[in-house]
Structures are given as structure tokens and as C-alpha cells.
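Enquirer: pasted the sequence and its predicted model underneath.
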Amino acid sequence: MNYLETNRKQNQFYEERLSLVMERLQEIVEEPQVGGAFDDYFTATAQLMLKLNEIVRATSENPDAACSEQGREWNRFLFAQALEGDNYENGFLNPAYACEKLGAEYGAMFAAHFARLRSAIAYAYEGNFERVCLLAELLVEIYVMMLDDDITAEKVQAVISSHVHDNQELALQYGIARMFDKNRDFYRTILLQADLNNKNYLYKYGFNISDNERKILAFLQKMPQEELQAMADTYTEGFRLGFVTLNKPLEKKTLVEMRYPVGFEPMMRLAAANFEKMGLYVIAAPSSTAANKQYINDHEQDEALWLDKSLVERRAEFLKKILEEYKEIAPQFAGPAVVETFGEKPFEPVNRKERLQFDQKQQGLSVQSASEQAQLINQYIHGEERSFTVIAYPIPEIGDQFDEIFAETVRVNTLDYMKYQQMQQKIIDVLDAADYVHVIGSGDNKTDIKVKIWDLENPEKETAFENCVADVNIPVGEVFTSPVLEGTNGKLHVTQVYLEGRNYLNLEIDFKDGMIADYHCTNFEDEQENRRYIEDNILKHHKSLPIGEFAIGTNTTAYRMGIQYGIQDKLPILIAEKTGPHFAVGDTCYTYDEDNETFNPDGKLIVARDNSVSCLRKTDISKAYFNCHTDITIPYNEIKSIIAVAKDKSEQPIILDGKFVVPGTEELNVPLEGLL
């Protein structure tokens with residue numbers, strides 16, 4: 001049974017209900033009766049659901065219905081006409097506009113509800129009536145309520161919240177089924193069976209399809225088959241090597257999740273064949289470039305409308321129940337193999353005061369919920385036995401030199417890892433003798449931090465740093481450790497950095513015994529707004545975070561690529577973290593895997609896998625993990641010195657004025673010539 005057969009059985013239960021609710025929505029469009037701007041709101045939301053009804057009925061009858069010019073028009077209606085430019089700014093999805101037209105009492109709530117209706121898009125393209133019907137019925141219910149003279153915003157919010165609570169199990173079931181249920185093979189079917197010569201197949205996904213997706217497909221279609229195969233081989237071999245390096249049994253696994261950008265199918269289909277040869281069934285998990293990142297920013301805390309303690313409790317209860325259904329297959333999940341893209345115009349959000357935001361209690365509930373879900377999933381898929389790999393490529397939006405940048409990225413992704421492994425080992429030999437490492441910034445960079453290094457009991461057989469080459473984390477180029485928190489003190493500063501697509505100006509983080517003690521940036525005039533920006537996006541609503549990683553990136557070739565093409569601000573963290581020392585706040589690199597022994601190529605056991613926070617997993621796992629890990633890189637040109645300081649206070653420099661000075665690492669400085 002595939003997704004089509006599964007849907008057809010389920011759709012019969014919703015056929016009549018869907019028809020009836022769509023008739024009512026058509027009446028609303030033709031003659032809305034609430035009055036004023038509310039009529040415009042309900043017309044817009046009803047038109048969305050009517051369009052989704054058109055799509056879901058077409059795709060349920062013909063899975064290729066969207067693979068057409070009609071599909072392209074559907075895509076434009078759902079994304080360009082709703083989210084691009086003035087269409088968004090002057091539409092009810094924008095909470096500022098909604099508040100202006102509907103009033104503060106209803107505006108943000110109705111904008112959030114509108115955004116929630118859009119969650120039915122994925123169901124519509126799969127030909128699944130259920131979610132489209134349920135959300136359409138909720139819309140009609142709210143419309144009828146608004147006709148009552150005694151209506152209040154509190155009553156409407158209660159109905160929306162109740163709907164979320166009542167359908168929580170359905171939402172979780174859908175997400176988990178995508179990972180483990182071979183009957184939910186909608187995306188896999190597109191990946192493996194679509195006619196890649198017909199560019200309209202892109203519209204079958206139900207994602208935003210922009211010039212990025214169309215142009216990267218055209219670019220890859222022209223690429224010689226042997227080059228595509230080489231890219232696929234680098235990606236899948238990195239995943240396989242992750243299991244070898246981490247001493248984990250790949251032969252026990254049968255599932256791999258391929259996360260890839262839409263438009264990369266010519267490469268990903270070859271990668272899928274590689275994985276199948278390894279005995280791994282491919283779960284396809286595609287994504288596309290966002291139509292409007294401001295929209296995402298405006299709605300990322302919409303859960304404030306319904307998040308409460310009972311929802312968190314029910315969510316954990318339902319998730320455990322659902323995972324129990326997949327307890328036989330879940331341990332066979334090998335992990336994600338990820339292809340990322342970079343090159344989009346850097347995003348500087350407008351933090352609109354009208355958007356919904358968590359209160360202090362909800363921030364705690366959000367953290368609690370994320371923690372509980374991570375622990376449950378790890379319990380069932382055996383995190384200590386899985387691995388991953390990540391690789392990145394540019395997209396056409398990066399600029400006129402896209403072809404050259406793509407070719408250079410491929411070169412960066414395939415550098416001689418043996419050469420790097422040898423040079424990095426020389427750096428590790430110096431670091432392993434250190435009591436702490438002192439990092440000092442240069443010029444306007446105010447970094448001054450001492451990072452305490454793990455004490456080795458047997459230096460002949462143990463190491464504190466992992467020699468990271470091109471396996472799980474492509475490209476090559478870093479040595480990293482989990483610092484000892486106690487004794488790690490000082491300031492981390494970067495003059496400008498993009499983290500998860502957001503720009504930070506003069507980001508400063510102060511550490512005391514390895515924990516964030518203070519933070520600041522200069523993005524906004526208001527200091528509280530700067531702090532809230534960091535709290536939401538770096539601290540992830542935690543009161544503090546530990547320093548989970550200290551690393552020294554060695555990929556000077558990638559650094560030169562960024563400078564040469566003027567794309568430093570567009571490099572993904574996957575590459576950027578290799579272009580200087582970096583510090584991660586949050587969990588360590590060994591989260592849920594601390595007790596699995598890992599060795600460097602020289603045979604030494606990597607012992608620095610824990611810190612005093614992650615060790616709490618042995619007594620109270622809820623206090624051990626934060627479910628976030630954000631890397632912050634200082635570029636070579638902002639580094640005055642990185643010095644390993646031994647217990648006897650003797651010093652051995654690793655980097656001086658941005659260049660490597662450890663004997664045997666001179667070749668790393670060649671790409672830096674003329675740049676520093």
C-alpha cells in the first residue's frame with residue numbers, strides 16, 4: 001500500500017463533510033456578513049481553503065495534477081500572491097497589517113489563525129482530505145461565532161486553542177509517520193519516479209518554487225553525469241564513514257532520511273541508489289527556499305495562542321503512544337543525510353511588536369516540550385547508534401558568479417582529507433598539552449576568553465580533541481572539544497555574524513565558568529530588544545546555556561572562497577565554522593552519545609565528550625540537554641592569537657595574527673596569502 005491507497009481509504013470518511021464545508025465557504029466569499037475589515041479577512045481565508053479544496057480533489061484523483069501549468073498557477077497563488085513583497089505587507093498574514101485593520105484585540109490572533117490554515121497545504125498536495133476538512137470547519141466555526149453580538153476575542157481564542165489540543169495527536173502522527181511509515185511515501189515517489197526532464201514536477205511538492213529551485217534544476221540537468229555521480233558519492237560516502245569513524249554498526253540499520261533542497265533531484269536520485277546499495281531504504285524529506293523569511297519571523301511564536309501545561313503534557317503522552325506503534329522499526333533508523341544550500345540574501349528581521357510572543361511561563365513550557373520530545377525520540381531510535389552527514393552547495397541567488405562558486409564549493413567539499421588529518425593532528429598534539437587555550441581578538445574584535453581543556457590521565461592513549469575530516473561534517477577542516485566549563489571564562493565577540501539566517505551586529509557573549517552570564521548586540525536601538533533577539537534565537541528561551549564546543553577551523557581554502565567571491569556573509573555555518581575558531585553554545589557535539597567510545601585516526605580515545613551539565617543525564621536527564629547547538633565563528637582576520645597555555649604557564653601559539661604557526665601546518669597559510 002502506498003500513500004495514494006492510504007489516502008483513498010481515509011478520504012471516504014471526509015468526502016461529504018468536505019463538500020458541505022466548502023459550500024459554506026463559497027457562501028462566505030460571495031456574501032460575507034461580519035462587517036468591515038472582518039469581511040475582507042474571512043473572504044481571504046475562505047479563498048485559501050477553497051483553493052486547497054480544488055488542489056486536494058485534483059491530486060487525489062491524479063497524483064500528477066500539479067505537474068502542469070495549472071500546478072504552477074496554484075504555486076503562485078499560495079506563495080507569491082500571499083507572501084511576496086507588498087502582497088504580504090498589505091495582507092492579513094502580516095500581524096501588523098491585521099492589527100491595523102482588525103484591531104489589536106483580534107489582529108495578531110487572526111493572523112496566526114490564517115497562518116495555521118496554511119498548514120493544510122502539505123495535505124492538499126498529497127490528496128489527503130482530512131486536514132483540509134478539519135481546518136475549513138474551524139474557519140466556518142469562527143466565522144459563525146463572529147456573527148454573534150456577544151462575541152469576544154477570548155472566546156475565539158478558546159476555540160482555536162481547543163482545536164489545536166484536540167488535533168495534537170493527528171499532527172504528531174503525521175510527522176512521525178513520515179519518518180518510519182513506508183505507506184507515507186509521497187515525497188519519495190516524486191524523488192524516484194518523477195520525470196526530471198519535465199520541470200513542472202517541481203510543483204508536485206506543494207512547496208514554494210522560486211527561481212532558485214528552477215535554476216538549480218536547470219544547472220544540474222546540464223552537468224555531466226560523472227560529476228553528478230561524484231557529488232552523490234561524496235555525500236553518501238560521508239554518511240557511511242560517519243558510522244566507521246564513530247564505531248557504530250551500519251549493518252543494523254535499514255532506513256536513512258535524505259533531507260534535500262527541491263531542484264537537487266538529479267543528484268539526489270543517484271544518492272538514493274547509493275544508499276539502496278548499502279541496504280538503506282530512503283525516506284525523502286525535501287525543502288525549498290522560503291518565500292518570505294519575515295513571515296516566518298512574524299509567526300515563529302504563534303503557539304503563544306494555545307501553548308499551556310496541558311498541551312505539553314498531552315503532546316508527550318501522544319508522542320510516546322505513537323512511537324510505541326513504531327518501536328520495531330524506529331531502532332533501524334540510521335539518521336539524516338542532509339544537503340543544505342546557501343546564497344540567499346542575508347535576512348535582517350523586523351521584530352514587529354504586533355506579533356505573538358511567548359510570555360515567561362510559555363518560554364519555559366516551550367523548552368520543556370522540546371526537551372521531552374527529544375528525549376522520547378532518542379529513546380526509541382537509539383541515538384547512540386545513529387549518525388548523520390551534512391554537505392552544502394550554493395544556489396543561483398548567490399549572484400552572477402554562481403557557476404564559479406558552485407565549482408569552487410565542490411572543490412572545497414572534496415579537499416584531500418588525509419593531508420588535513422595530518423596537519424590537524426599536529427595542532428591537536430599542542431592542544432592536548434594545554435591547561436587552557438587563550439583566544440584574543442584583533443582590531444575591533446574584543447574577544448578575550450580562556451577555554452579550560454580536559455585533563456588527560458593517559459596522554460599516550462587519550463586525546464581531548466577530535467580530528468574532524470570529511471565524514472559526517474563536510475567539508476574537512478576542524479579540531480574540536482567539549483570544554484571543561486569550570487575555568488572557562490571571558491568574552492566572545494564577533495563584529496558581524498549570520499546565525500541560522502539572521503544577522504547579528506557586534507554580538508558579545510560573556511562566560512563565567514562556561515555558562516553564559518551576559519549577552520549583547522547592536523542590531524536595534526533599544527537594548528531590551530537586542531537582548532530579546534538573542535534570547536529568542538540563540539538562547540532559545542533558556543536562562544543560560546553552557547559552552548558546548550570549542551574548535552579551531554582549518555579550512556583556509558573555504559575562507560579564501562568567501563573573500564574572493566564576496567560571500568562571507570552567505571556561507572552556511574557548515575562551511576563558516578571551518579574558517580576560524582568557533583564556539584558553540586548549547587549541547588556538546590556528543591549529545592546522547594557520550595558513552596560511545598570514539599577514537600581519532602591515531603588510535604587515541606577521545607575523552608572530552610562530556611561537561612558538568614551533560615553529566616546530569618545520569619541523575620536528571622531533563623537538566624542535561626538544551627536541544628540546541630549554535631556555532632559562532634571568529635574569522636581569521638579578527639584573531640590576534642590563539643595560544644595553548646600549559647599548567648606550568650608555558651605558552652605555545654597555534655595562530656598569530658590570523659595565521660597558523662604550529663610547525664607542519666604552514667600549508668594552511670597558503671590560501672591566506674594576500675588576505676590578512
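Expert: Happy to help now that I have it. Predicted, not measured: the structure shown is a model, and the values here were computed from it.

Enquirer: quick one, domains of the protein?
Expert: 1-166, 168-414, 417-672 (automatic domain parsing).

Enquirer: any chance of those domains in JSON lines, with mean neighbour count and mean pLDDT too?
Expert: Bear in mind the C-beta positions are built from the backbone N, C-alpha and C, glycine included. Output for the domains of the chain, formatted as JSON lines (neighbours: other CB atoms under 10 Å; pLDDT from 0 to 100):
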{"stretch": "domain 1-166", "mean neighbour count": "18", "mean pLDDT": "95"}
{"stretch": "domain 168-414", "mean neighbour count": "18", "mean pLDDT": "94"}
{"stretch": "domain 417-672", "mean neighbour count": "19", "mean pLDDT": "94"}
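
Enquirer: could you pull out the helices in the stretch 401-550 of the chain for me?
Expert: 402-413, 417-431, 527-537 (DSSP state H, counting those that start in this stretch).

Enquirer: okay, the ones you listed in JSON lines with distance to I440 next?
Expert: Shown next, in JSON lines, are the helices of the stretch 401-550 of the chain (distance: least, CB to CB, whole Å):
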{"stretch": "helix 402-413", "distance to I440": "28"}
{"stretch": "helix 417-431", "distance to I440": "16"}
{"stretch": "helix 527-537", "distance to I440": "23"}
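
Enquirer: those: which one's closest to S650?
Expert: When the helices of the stretch 401-550 of the chain are compared by CB to CB, helix 417-431 sits nearest S650, at 11.4 Å.

Enquirer: max-length strand in the protein?
Expert: strand 484-499 (DSSP state E).

Enquirer: which neighbouring elements make contact with that one?
Expert: Contacts defined by 3 or more CB pairs under 8 Å, 6 or more residues apart in numbering; DSSP states H and E place strand 484-499 against strand 436-441, strand 448-452, strand 502-512, strand 629-633.

Enquirer: how about the spatially most central residue of the chain, phi and psi?
Expert: What sits nearest the mean C-alpha location of the chain, by CA atoms, centre = their mean, is E500, with 7.6 Å. When read as degrees, to the nearest 10, the backbone of E500 gives phi 50, psi 40.

Enquirer: for it, list the residues it contacts.
Expert: Applying CB atoms under 8 Å, 6 or more residues apart in numbering to E500 gives the contacts 537, 573, 630.

Enquirer: how about the strands of the stretch 301-450 of the chain, start to end?
Expert: Along the stretch 301-450 of the chain, the segments classed as strands by DSSP state E, counting those that start in this stretch run 333-342, 389-394, 436-441, 448-452.

Enquirer: out of these, which is closest to E300?
Expert: strand 333-342 (19.7 Å).

Enquirer: what is that closest one packed up against?
Expert: Partner elements for strand 333-342 (3+ CB pairs under 8 Å, 6+ apart): helix 225-245, strand 255-261, helix 265-277, strand 389-394.

Enquirer: turn the ones you listed into TSV, including distance to L18.
Expert: TSV is the format used below for the helices and strands packed on strand 333-342 (distance: least, CB to CB, whole Å):
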stretch	distance to L18
helix 225-245	41
strand 255-261	31
helix 265-277	32
strand 389-394	40
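
Enquirer: quick one: closest of those to I55.
Expert: Taking the helices and strands packed on strand 333-342 one by one with CB to CB, helix 265-277 is closest: 21.5 Å.

Enquirer: tell me the angle of that closest one relative to strand 389-394?
Expert: 170 degrees (axes from the mean of the first three to the mean of the last three CA atoms, to 10 degrees).

Enquirer: how far does helix 265-277 sit from the chain's center?
Expert: How far helix 265-277 lies from its chain's middle: 22 Å, per CA atoms, centre = their mean, to the nearest Å.

Enquirer: mind saving the C-alpha coords of that helix as CSV?
Expert: The C-alpha trace of helix 265-277 is given here as CSV (Å, rounded to 0.1, in the frame of the first residue of the first chain):
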residue,chain,number,x,y,z
GLU,A,265,16.8,15.7,-7.6
PRO,A,266,19.3,14.8,-10.4
MET,A,267,21.9,14.4,-7.7
MET,A,268,19.7,13.0,-5.0
ARG,A,269,18.3,10.2,-7.2
LEU,A,270,21.9,9.0,-7.7
ALA,A,271,22.5,9.3,-3.9
ALA,A,272,19.3,7.3,-3.2
ALA,A,273,20.7,4.5,-5.4
ASN,A,274,23.9,4.6,-3.4
PHE,A,275,22.0,4.2,-0.2
GLU,A,276,19.9,1.4,-1.5
LYS,A,277,23.1,-0.5,-2.3
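
Enquirer: who's in contact with it?
Expert: Contacts of helix 265-277 with the rest of the structure, by CB under 8 Å, 6+ apart, involve 190-192, 194, 196, 201, 217, 220-221, 223, 228-229, 231-233, 235-236, 239, 256, 258, 260, 282, 284, 337, 339.

Enquirer: direction included, what does the following helix or strand past it pair up with?
Expert: Proceeding N to C from helix 265-277, the next assigned helix or strand is strand 281-287, under DSSP states H and E. Using DSSP bridges, strand 281-287 pairs in its sheet with strand 255-261 (parallel).

Enquirer: what angle separates the partner strand from helix 225-245?
Expert: Using the same axes, to 10 degrees: strand 255-261 against helix 225-245 is 130 degrees.

Enquirer: quick one: contacts of strand 255-261?
Expert: 179-180, 191, 213, 216, 239, 268, 271-272, 275, 280-289, 329, 332-341, 395.

Enquirer: kindly recompute the last result at 7 Å.
Expert: Applying CB atoms under 7 Å, 6 or more residues apart in numbering, the external contacts of strand 255-261 come out as 179, 268, 271-272, 275, 280-288, 332-339, 341.

Enquirer: starting at the chain centroid, how far to it?
Expert: With CA atoms, centre = their mean, you get 13 Å for strand 255-261.

Enquirer: between strand 333-342 and that strand, find me the angle.
Expert: Inter-element angle recorded for strand 255-261 and strand 333-342: 10 degrees (by the same axes, to 10 degrees).

Enquirer: off-centre distance for stretch 67-82?
Expert: Worked out by CA atoms, centre = their mean, stretch 67-82 lies 25 Å from the chain centre.

Enquirer: which residues are contacting that stretch?
Expert: 51, 55, 65-66, 87-88, 91, 93, 121, 198, 200-201, 203-204, 208-209, 291.

Enquirer: which residues touch stretch 406-419?
Expert: Here stretch 406-419 makes contact (CB under 7 Å, 6+ apart) with 231, 234, 391, 393-394, 469-470, 474-476, 555, 557-558, 561.

Enquirer: span of that stretch from start to end?
Expert: This stretch, stretch 406-419, spans 23 Å end to end (CA to CA, to the nearest Å).

Enquirer: and the contacts of whichever strand or helix holds I121?
Expert: In the assignment (DSSP H and E), I121 maps to helix 121-126. Identification of contacts with helix 121-126 by CB under 7 Å, 6+ apart yields 3, 7, 52, 55-56, 59, 66, 78, 130-132, 186, 204-206.

Enquirer: just the CA atoms of it, as PDB, please.
Expert: Listed next in PDB are the C-alpha coordinates belonging to helix 121-126 (Å, rounded to 0.1, in the frame of the first residue of the first chain):
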ATOM      1  CA  ILE A 121      -1.200  22.900   2.000                       C
ATOM      2  CA  ALA A 122       1.000  19.800   2.500                       C
ATOM      3  CA  TYR A 123      -2.100  17.600   3.000                       C
ATOM      4  CA  ALA A 124      -3.800  19.100  -0.100                       C
ATOM      5  CA  TYR A 125      -0.900  18.200  -2.400                       C
ATOM      6  CA  GLU A 126      -0.900  14.600  -1.100                       C
END
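
Enquirer: sounds good, over and out.
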